[in-house]
Each structure stands twice: as C-alpha cells, then as structure tokens.
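Asks: can you look at this prediction? I've put the sequence above it.
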Amino acid sequence: MKILVCISHVPDTTSKINFTEDDTKFDTNGVQFVINPYDEFSLTRAMWFKEKQGATVTVVNVGNATTETTLRKALAIGADDAIRVNAEATDGLLVAKQLAEVVKSGGYDLVLAGRESIDYNGGMVPGMLAALVDFNFVNGCVGIDVEGTSVNAVREIDGGNETLHTSLPLVVGGQKGIVEEKDLRIPNMRGIMMARKKPLNVVEPVSVEEATSIQSFEKPAPKGAVKLIDADNIDELINLLHNEAKVI
C-alpha cells in the first residue's frame with residue numbers, strides 16, 4: 001500500500017500573530033512553524049500502517065523552501081520520502097489541485113490529511129482533493145483499518161461516531177482519535193540523522209488560477225473588562241446577562 005500524507009506548515013499555537021503591509025500579509029518574523037496537528041495525527045496513523053502492514057509513506061507539502069524543515073521533521077518521524085510542490089499555498093483550491101497532480105503521478109492508494117489546518121481553518125482541501133482525483137472520501141476520521149482494498153473507517157458526527165465501509169483508493173481527513181495524543185511521536189536523534197539522507201524532491205507547480213484572494217486580516221477585538229457581581233446580588237447578575245451580555 002502506497003500512502004501519501006499531506007503536511008501543512010503552520011504557526012505554533014503559542015506564536016504571537018501580527019500582520020504587515022496594511023494588514024494584508026501575515027508577519028512570519030519570530031514565528032515558530034510546526035506540522036499541522038491534525039496532519040500529525042494522520043502521519044502517526046500512516047506510520048502504524050508502515051510498521052504493521054509494510055506500507056510505504058510519502059509526505060507532501062505545497063510551499064516554498066521554508067517549509068522543508070517541517071517536511072524533514074516528518075521524515076525524522078519515519079516517512080520514507082518527501083515531496084515539496086514549489087508554490088505558495090495562497091488558496092485552498094490551488095493547494096488541492098497541486099496535490100492532485102502528485103496523487104495522479106504517484107499511484108497512491110491512500111491519502112491521509114488533517115481535516116483542516118489550524119492557521120486558516122478552511123477545512124476544504126481534503127474534500128476538493130478527493131473530488132479532483134475521483135477517490136472515495138471520509139472526513140472527520142477518528143479510526144481507520146485497511147485489509148487489502150477494503151476499508152473500515154469511523155468518523156465523528158454530531159452526538160457520536162459513524163462507522164463506514166468503503167474501499168481504496170481513498171482520501172481521509174483525520175483528526176484526534178485516528179490516533180491518540182499519547183501516540184504522537186517525537187523524532188529521536190537516530191531519526192533526525194536518517195532524515196538527512198532521505199529523498200526530499202522539489203517539483204514545480206502546475207498552472208492554476210487562484211479562485212480567492214486575501215483582502216485584509218483583522219485581529220479579534222480585545223476582551224472587555226470583567227465585572228464582578230456579589231454572590232447575593234442575583235438580580236443584578238440577571239439584569240447584566242439579559243440587557244448587556246444579551247445571552248438570556
């Protein structure tokens with residue numbers, strides 16, 4: 001089984017976010033980038049398939065040269081090789097179309113991705129990719145088992161989980177549950193040294209017209225002052241919740 005894991009290069013959640021050029025560009029200065037957490041869950045599941053079923057695992061990213069450190073981390077975790085599509089990831093459809101070319105040329109059976117990236121939270125790439133390559137698709141996946149070309153998958157739905165039976169080829173949008181957080185892997189020194197020798201292939205993008213463009217960014221409004229109400233002043237609390245907060 002050939003597995004392709006899509007890796008997003010995203011800011012660490014502790015990073016301080018700022019914008020430049022009149023709030024039209026994300027300021028990367030001083031920002032630590034990591035593997036998108038949802039993608040990391042899917043990568044860890046791919047490593048399970050590699051170790052238990054002899055699958056080969058390739059990781060792919062759409063981005064410029066700065067994303068190679070993130071791909072090298074994925075290689076250190078245990079992926080066999082990496083592909084970087086040399087294009088700025090400015091639009092979800094653009095990313096999906098670049099990934100589709102990689103899937104078509106690579107003959108992959110299973111494509112694992114996170115259900116969304118934690119920077120823009122678009123949640124659109126896995127579904128669009130599946131449509132572009134005409135693969136089956138399971139989103140919000142919290143469990144997957146493969147036997148031959150037969151797949152049993154569990155996805156999260158409102159109020160519970162749903163078990164699906166499908167088949168390869170398949171695109172999966174994974175999340176926590178496809179593996180548990182305790183199962184995530186930290187690269188060790190041996191893995192880091194081996195990653196330096198593993199192939200990281202840079203491919204040029206196909207020509208794609210961007211479907212969207214960023215007009216501006218805006219930070220959330222700062223939190224207002226906290227009002228403390230005495231425990232015995234229930235009437236005042238109800239009045240504030242009703243007339244000021246408007247939550248009742």
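Replies: Arrived safely.

Asks: and the lengthiest strand in the chain, what does it pack against?
Replies: Ranked by number of residues, the top strand in the chain under DSSP state E is strand 136-147. Secondary-structure packing of strand 136-147 (3 or more Cβ pairs under 8 Å, 6 or more residues apart in numbering; DSSP states H and E): helix 37-53, helix 125-133, strand 150-157, strand 160-167, strand 170-174. Heads up, the C-betas are built off the backbone N, CA and C, glycines and all.

Asks: looking at those, which is buried most?
Replies: Ranked by average neighbour count under the criterion mean count of other Cβ atoms under 10 Å, the helices and strands packed on strand 136-147 are headed by strand 170-174 at a mean of 28.

Asks: following element in sequence after it, please.
Replies: For strand 170-174, the following helix or strand on the C-terminal side (DSSP states H and E) is helix 189-195.

Asks: identify each buried residue in the helix or strand following that next one, please.
Replies: For helix 189-195, the succeeding helix or strand toward the C-terminus, using DSSP H and E, is strand 200-203. The neighbour-count check on strand 200-203 (16 or more other Cβ atoms under 10 Å) flags Leu200 as buried.

Asks: start to end distance for stretch 207-217?
Replies: 27 Å (Cα to Cα, to the nearest Å).

Asks: now that stretch, how far from the chain's geometric center?
Replies: 20 Å (Cα atoms, centre = their mean, to the nearest Å).

Asks: swap in stretch 200-220?
Replies: For stretch 200-220, the distance to the chain centre is 16 Å (Cα atoms, centre = their mean).

Asks: pLDDT (mean, whole number) over that stretch?
Replies: Computed over stretch 200-220, the mean pLDDT rounds to 92.

Asks: so what touches it?
Replies: With Cβ atoms under 8 Å, 6 or more residues apart in numbering as the test, stretch 200-220 has contacts from 17, 19, 22-24, 26, 62, 68, 71-72, 75, 81-87, 90-94, 97-98, 101-102.

Asks: pipe the helices and strands packed on strand 136-147 into JSON lines and attach distance to Gly106 and mean pLDDT per row.
Replies: Shown next, in JSON lines, are these (distance: least, Cβ to Cβ, whole Å; pLDDT from 0 to 100):
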{"stretch": "helix 37-53", "distance to Gly106": "14", "mean pLDDT": "97"}
{"stretch": "helix 125-133", "distance to Gly106": "11", "mean pLDDT": "98"}
{"stretch": "strand 150-157", "distance to Gly106": "19", "mean pLDDT": "97"}
{"stretch": "strand 160-167", "distance to Gly106": "19", "mean pLDDT": "97"}
{"stretch": "strand 170-174", "distance to Gly106": "13", "mean pLDDT": "98"}
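
Asks: any chance of those in a markdown table, plus distance to Asp230?
Replies: What follows is the helices and strands packed on strand 136-147, written out as a markdown table (distance: least, Cβ to Cβ, whole Å):
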| stretch | distance to Asp230 |
| --- | --- |
| helix 37-53 | 42 |
| helix 125-133 | 51 |
| strand 150-157 | 42 |
| strand 160-167 | 42 |
| strand 170-174 | 48 |
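
Asks: can you check the pLDDT for Asn233?
Replies: On pLDDT, Asn233 comes in at 86.

Asks: brain fart, Ser105
Replies: Per the predicted model, pLDDT is 96 at Ser105.

Asks: so how far is Leu71 from it?
Replies: 18 Å (Cβ to Cβ, to the nearest Å).

Asks: of these two, who's got more company?
Replies: With neighbours defined as other Cβ atoms under 10 Å, Ser105 and Leu71 compare such that Leu71 has more, 24 against 10.

Asks: returning to what we had before: quick one: closest of the helices and strands packed on strand 136-147 to Gly224.
Replies: Nearest to Gly224, of all these, is helix 37-53, at 30.1 Å by Cβ to Cβ.
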